[in-house]
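>>> Quick one, what's the 3D model for this:
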Amino acid sequence: MDPLQVEKFRTILMEELDRLLAQASISRYELASEDHQAIEYLDKATVQADRAMRLRIRTRESRLIKKLRLALDRIETGTYGECDLCGEDISLKRLEARPVTTKCIDCKEQEERQEALSH
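So this is what the prediction gives:
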């Protein structure tokens, strides 16, 4: 991958990381500042379901933040775009679709087939 492509992916990863970190900060503030008196008048089950859904979303976002940071680390070490399993280059098309990926499409498909067989 040439330096311009690497820089393009660095920008994509940094923008997504910044967006998620800003959103996480807002979400924490919203969760902490909920008006508890208003909750008394609402259906508690609905409030709890909404809170559980927001926490699941935050958990998924936390995992993505970790993957984004790891991808940025791979850029710094010069290993971004290399498959963790076979060492071959990951296609640009795959990286554009999923910039945090660590596996080429062949290795990912093989991994998914093995997972399907084990279930």
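
>>> Could you chop this protein up by domain?
Listed by automatic domain parsing, the domain ranges of the chain are 1-80, 82-119.

>>> Can you give me the first-to-last residue distance of the shortest one?
Domain 82-119 has its terminal residues 29 Å apart, counting by Cα to Cα, to the nearest Å.

>>> mind listing what's buried in that domain?
Residues of domain 82-119 classed as buried: 82-83, 90, 94-95, 99-104, 107-108 (neighbour count, 16 or more other Cβ atoms under 10 Å). For every residue, glycine as well, the C-beta is placed using N, CA and C.

>>> between those, which is closest to residue 50?
residue 100 (28.1 Å; Cβ to Cβ).

>>> Next, the closest residue to that closest one other than its chain neighbours: secondary structure please.
Spatial nearest neighbour of residue 100, chain neighbours left out: residue 67 (4.0 Å); criterion: Cβ to Cβ, 6 or more residues apart in numbering. Recorded secondary structure, residue 67: helix (DSSP: H, G, I helix; E, B strand; the rest coil).

>>> quick one: residue 67 from residue 48, how far?
29 Å (Cβ to Cβ, to the nearest Å).
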